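Participant: based on what follows, work out the 3D shape:
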Amino acid sequence: MAGNRFPADRSQRFLEDYTAGLVLEFGAAPVDQAEVVEFARRFDPQPFHVDPAQAASGPFGGLIASGWHTGSLMMRMLVEHYLSPASLGSPGLDELRWLRPVRPGDTLSVRVTVLEARRSQSKPDRGVVRALMEVLNQHREVVMSVKATNLILARPAQPPPGSA
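Facilitator: Below is the predicted model of the structure:
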């Protein structure tokens, strides 16, 4: 099941809508040079992130975004398209990989593949969703990947008709 739509609107999305095998692609985040430098100056001030002149003669042959900046762009797209108000956060990430440099002028998108979705046995009002999240550039090359675990509320039970 591939595409860019869930079976339910974001505001009505619960655990039951995150099914194993679901593949979604979404987003378009342009990578701006000023933002690359600003982010890196604050959080990852390595020369290949903050100084275009030094970066030109560095290991990547030019300025590149911090991997943490790439992850932040991914997170924004996840909040806007993938996670719903039923999200309870994440206990962690696994297998984070930065596979290709992200450069100013790139446009990033996200592909999410739901690997597992199961209801919690100890807290049945919620469940665990594990997904492979891949950040793609405009050439559809994977520039970052991570396996994420999210806690998502289950759809509330509807009272039987006439029981109000």
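Participant: tell me the mean pLDDT over the lengthiest helix in the chain?
Facilitator: If each helix of the chain is counted by residues according to DSSP state H, the longest one is helix 67-81. Along helix 67-81, the predicted confidence averages to a pLDDT of 97.
Participant: beyond that helix, next helix or strand please.
Facilitator: Taking DSSP states H and E as the definition, the helix or strand that follows helix 67-81 towards the C-terminus is strand 92-98.
Participant: identify each buried residue in the helix or strand just after that next one, please.
Facilitator: Tracing the chain past strand 92-98, the next element assigned as helix or strand by DSSP H and E is strand 107-119. Using 16 or more other Cβ atoms under 10 Å as the test for burial, strand 107-119 gives Leu108, Ser109, Val110, Arg111, Val112, Thr113, Val114, Ala117. C-betas here are computed from N, CA, C, even on glycine.
Participant: quick one on the thing from earlier: what packs against the longest helix of the chain?
Facilitator: In this structure, helix 67-81 makes packing contacts with strand 23-30, helix 33-43, strand 92-98, strand 107-119, strand 126-136, strand 142-153, judged by 3 or more Cβ pairs under 8 Å, 6 or more residues apart in numbering; DSSP states H and E.
Participant: ok, and the closest non-adjacent residue to Val31?
Facilitator: If the residues on either side of it in the chain are set aside, Val31 comes closest to Asp106, at 4.4 Å by Cβ to Cβ, 6 or more residues apart in numbering.
Participant: just Gly61 next, same as before
Facilitator: Excluding its sequence neighbours, the residue lying closest to Gly61 (Cβ to Cβ, 6+ apart) is Ala55, at 8.0 Å.
Participant: what's the helix or strand for that neighbour?
Facilitator: Under the criterion of DSSP H and E, Ala55 resides in helix 52-56.
Participant: may I see the buried residues of that helix?
Facilitator: Of the residues in helix 52-56, those buried under the neighbour-count criterion (16+ other Cβ under 10 Å) are Ala55.
Participant: which neighbouring elements make contact with that helix?
Facilitator: In this structure, helix 52-56 makes packing contacts with helix 47-50, judged by 3+ Cβ pairs under 8 Å, 6+ apart.
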